[in-house]
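In: Okay, here's the prediction I keep looking at, along with the sequence it came from:
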Amino acid sequence: MSEITIHHYIALSAIIFSIGVAGVLTRKNAIILFMSIELMLNSSNLALIAFASFMSNPVGQIFALFVIAVAAAEVGVGLAIIVTVYRNRNSINIDDVHLMKG
């Protein structure tokens, strides 16, 4: 049986990132948009940790923790914005957000 190499991790990271990009570009629902952004952030975490493991350097894992912290803050602020938009417009469609301009 073959060993899992860094190429496998990078390929998986690229596939997950591509799924996230496709979700951002094609969906109009704000929750799906945030889930796609989370997929892209998690794929970058996978790549960072794979490189850190390959090079025996924990710096990539530290950066991955920072990315997780930023993602958690993004989810908190993003969901608050989504709830506010839903209360005002009864929709979480991204196209309806431009109606809130003053």
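Out: Structure's in. What do you need?
In: The closest residue to residue 70 other than its chain neighbours and residue 1: what is the separation?
Out: Once flanking residues are discounted, residue 70 sits nearest to residue 41: 7.7 Å by C-beta to C-beta, 6 or more residues apart in numbering. All C-beta spots, glycine's among them, are computed from the backbone N, C-alpha and C. To residue 1, residue 41 is 32 Å away according to C-beta to C-beta, to the nearest Å.
In: More neighbours: these two, which one.
Out: residue 41 (18 against 3; other C-beta atoms under 10 Å).
In: That one: which element?
Out: Counting by DSSP states H and E, the element that carries residue 41 is helix 30-55.
In: helices or strands up against that helix?
Out: On a contact count with 3 or more C-beta pairs under 8 Å, 6 or more residues apart in numbering; DSSP states H and E, helix 30-55 meets helix 6-26, helix 59-89.
In: show me the contacts for the most centrally placed residue in the chain.
Out: Residue closest to the average C-alpha location in the chain (C-alpha atoms, centre = their mean): residue 38, at 2.0 Å. With contacts defined as C-beta atoms under 8 Å, 6 or more residues apart in numbering, residue 38 is in contact with 20, 71, 75.
In: nearest spatial neighbour of the second one, skipping sequence neighbours?
Out: If you skip the residues right next to it in sequence, residue 71 has residue 41 as its closest partner in space, 4.8 Å away by C-beta to C-beta, 6+ apart.
In: My guess is the one you found contacts residue 67. True?
Out: Yes - between residue 41 and residue 67 there is a contact under C-beta atoms under 8 Å: 5.8 Å.
In: lowest average confidence, helix or strand, in this protein?
Out: Of all helical and strand segments in the chain, the minimum by mean pLDDT, DSSP states H and E falls on helix 59-89, at a mean of 88.
In: Give me the phi and psi angles of residue 90.
Out: phi 60, psi 30 (degrees, to the nearest 10).
In: any idea of the pLDDT on it?
Out: Looking at residue 90, its pLDDT is 81.
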